[in-house]
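>>> structure for this input, please:
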Amino acid sequence: MNASVTTDAPQPQEHVPLHPLPPGPGAAADLTLQLTRLGLNAPDLGSAMMPVLDALVGQTAAVGAGYFQWREATLAYHARSASGEMPEGPQMAALLAHGLPGNLPLLRALERADGVLYFEETQGSEVAAGFPDLGVRALLAAPVLSRGGQLVGALLAHVFTPHVWTPAERRLVDSVTGLLALLAARLDAEERELAAHESALRTIGLCLEARDAETQGHTDRVTDLAVRLGGQLGLNDTGLRTLRWGAYLHDIGKIGIPDDILHHPGGLSPEMRERMQEHVADGVRLATQLSFLPQATLDVIGAHHEWWDGRGYPAGLKGEEIALPARIFAVCDVFDALTHARPYKAAWSLGASLEYIDDLRGQQFDPQVVDALRAVLADGLPAVM
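This is a model prediction of the structure:
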C-alpha cells in the first residue's frame, strides 16, 4: 500500500516536492533549510510533517514513514500523515483505525528517550515488539515533544529488511528531527488551543439548547448539516471550522430573551417578534467578547436571518453582501426548524421541507446553497436527525 497521506485531520493545502540534495556534509543543512521554509507555512501539525516524511523516504533507506499523534480520548497515537510504502494486512488496518496504543513498548521508550531510537533489526527486540508482525525489520523512531516535554507524537520510518543505519542517515535524521521539535511544540499547542475553543463553544451551544428543550439536538444537527454543505461548496478546513463555531453560537443572543417569548406556544405578537429579532444584535455583542472568534463566525451569528433578496434582518443585506457561511447556515437553520417539532408547529416531512425551501430559492435563500442542500441530502440525511 503506497501512501502520500494517511490522516484523520486536515490535509496539507499544497504538497511541495523537495529538491534533490547533492552528496556531501552540507546535505543535512540544505534539507533542514528546505524543511524550515515548508514547515513555517504549514497550517497544522500533520501538514508540517509531510515534507519531513518525504525527506526520510527520499533521502534514507526507509521505504515508508508516518507521523502518529497522541489523542487523549482514545489513549492512543493516531496516524496524521504518511509517505511511501506502508505495511499491509489486517494488523495494519487495525492500527490505522484504532491507533498505536499508548502502552506500546516503543512509545514507552520514546517517553524516556533523549533522541532518535534506531533499530537495525526489530526481531528479538523487546522495545520494537509488534513491528516484526507488520513486516517491519528496520525502524527509526523519533519523539515529538510538547513545550512541556511531554510526548505528543512519534515519527516512524521503516524498512522491510534489516538495515544498518549509516552515519550519513543518522546525521540527516538528527537534523530534521531537531527542526521537528521546534515545529511540533508550536503547532501542537495551536491545535490543542483550537480543540479547547471548539469544546467550549459547543458547550455554550448545548447550554443554550438546554434552556429551550423543544429544540433539543438542534445545535449538533444544524452544525453537522452546515459542515456538509460547506464541504460541498468548497470551504477549506479553516472555513469549515469557523462555520462550525458560528453554528454553535448562532443563537447566543437568545440568552437574554424572556421565557414568555422564547417558549410562547403560538405566533408572536409584533412586540414579541421585535424583541425576538434583537437576539441577533445581542448575539454579536456577546460573541465579540470572545476575542479569538474570527469574523466569519461573527458573520454567521449576525447575518443568518438575512435574506438573499434583502428582506431579512437586522441589516437588510442582499445577495453576496451576506457572507457565504451565513448563507449556508441560514438554509440549515430553517431546514432543521421545518423537519423538527417546535412549540408552534409539528415536524414537517422531508419532501414538504425541501419544497418550502425550493419555493424561497432566490428570495430567502442563495440558489447555490439550496442546490448544495439537495446534493448533500441525496447522499444521505445528516448523521444527527
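>>> contacting residues around stretch 283-297?
With CB atoms under 8 Å, 6 or more residues apart in numbering as the test, stretch 283-297 has contacts from 197, 239, 242-243, 245-246, 249-255, 298, 301-302, 323, 325. C-betas here are computed from N, CA, C, even on glycine.
>>> now with 10 Å, please.
Stretch 283-297 has contacts (CB atoms under 10 Å, 6 or more residues apart in numbering) with 193-194, 197, 200-201, 204, 208, 235, 238-239, 241-256, 279, 298-304, 314, 323-326.
>>> from the residues you listed, which land in strands?
Per DSSP state E, strands hold no members of these.
>>> give me the element Tyr67 is part of.
strand 64-71 (DSSP states H and E).
>>> right, and the helix or strand after that strand?
In N-to-C order, the element after strand 64-71 by DSSP H and E is strand 76-85.
>>> and the next helix or strand past that following strand?
Criterion used, DSSP H and E; the element after strand 76-85 is helix 90-98.
>>> that following helix packs against which elements?
Applying 3 or more CB pairs under 10 Å, 6 or more residues apart in numbering; DSSP states H and E, one finds that helix 90-98 contacts strand 64-71, strand 76-85.
>>> what angle separates the strand or helix carrying Ser175 from strand 64-71?
Counting by DSSP H and E, the element that carries Ser175 is helix 167-211. For helix 167-211 against strand 64-71, the angle by axes from the mean of the first three to the mean of the last three CA atoms, to 10 degrees is 40 degrees.
>>> gap between helix 167-211 and the chain center?
Offset of helix 167-211 from its chain centre (CA atoms, centre = their mean, to the nearest Å): 11 Å.
>>> one step back: pairing partners for the strand holding Tyr67, with directions?
strand 76-85 (antiparallel), strand 151-159 (antiparallel) (DSSP bridges).
>>> can you give me how far it is from the chain middle?
Centre to centre, stretch against its chain (CA atoms, centre = their mean), the figure for strand 64-71 is 16 Å.
>>> now that strand and helix 90-98, what's the angle there?
Using the same axes, to 10 degrees: strand 64-71 against helix 90-98 is 40 degrees.
>>> sec struct for Pro143, please.
Three-state call for Pro143 (DSSP: H, G, I helix; E, B strand; the rest coil): strand.
>>> ok, now how distant is it from Ser125?
17 Å (CB to CB, to the nearest Å).
>>> more crowded one of those two?
Pro143 (25 against 16; other CB atoms under 10 Å).
>>> can you pull the pLDDT of the more buried one?
As summarised for this prediction, Pro143 has a pLDDT of 91.
>>> for the stretch 101-250 of the chain, which residues score under the pLDDT cut-off?
178-188, 212-215 (pLDDT under 70).
>>> still on that earlier bit, which ones among the contacts of stretch 283-297 lie within helices?
Among the contacts of stretch 283-297, the members falling in helices (DSSP state H) are 193-194, 197, 200-201, 204, 208, 238-239, 241-249, 279, 298-303, 324-326.
>>> and stretch 52-69, what's its mean pLDDT?
Mean pLDDT, computed over stretch 52-69, is 90.
>>> how is the chain divided into domains?
Listed by automatic domain parsing, the domain ranges of the chain are 2-191, 212-378.
>>> can I get the helices and strands packed on helix 90-98 in TSV with mean neighbour count and distance to Ile357?
Formatted as TSV, the helices and strands packed on helix 90-98 follow (neighbours: other CB atoms under 10 Å; distance: least, CB to CB, whole Å):
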stretch	mean neighbour count	distance to Ile357
strand 64-71	24	38
strand 76-85	24	38
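>>> could I get these as a markdown table with distance to Pro101?
Listed next are the helices and strands packed on helix 90-98 as a markdown table, based on distance: least, CB to CB, whole Å:
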| stretch | distance to Pro101 |
| --- | --- |
| strand 64-71 | 11 |
| strand 76-85 | 5 |
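>>> mind checking which of those strands is nearest His158?
strand 64-71 (5.6 Å; CB to CB).
>>> which outside residues touch the helix or strand hosting Arg275?
Element membership for Arg275, per DSSP H and E: helix 270-277. Contacts with helix 270-277, where a contact means CB under 10 Å, 6+ apart, come from 253-254, 256-258, 260-262, 264, 267-269, 305, 312-314.
>>> what about the stretch 251-385 of the chain, any weak spots by pLDDT?
Applying pLDDT under 70 to the stretch 251-385 of the chain flags the ranges 343-344, 380-385.
>>> that one: helices as residue ranges?
Ranges of helices in the stretch 251-385 of the chain, per DSSP state H, counting those that start in this stretch, are 259-262, 270-277, 279-288, 295-303, 324-339, 350-359, 367-378.
>>> kindly reformat the ones you listed as JSON lines containing mean neighbour count and distance to Pro101.
JSON lines is the format used below for the helices of the stretch 251-385 of the chain (neighbours: other CB under 10 Å; distance: least, CB to CB, whole Å):
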{"stretch": "helix 259-262", "mean neighbour count": "13", "distance to Pro101": "47"}
{"stretch": "helix 270-277", "mean neighbour count": "13", "distance to Pro101": "51"}
{"stretch": "helix 279-288", "mean neighbour count": "19", "distance to Pro101": "40"}
{"stretch": "helix 295-303", "mean neighbour count": "23", "distance to Pro101": "36"}
{"stretch": "helix 324-339", "mean neighbour count": "24", "distance to Pro101": "38"}
{"stretch": "helix 350-359", "mean neighbour count": "14", "distance to Pro101": "42"}
{"stretch": "helix 367-378", "mean neighbour count": "16", "distance to Pro101": "36"}
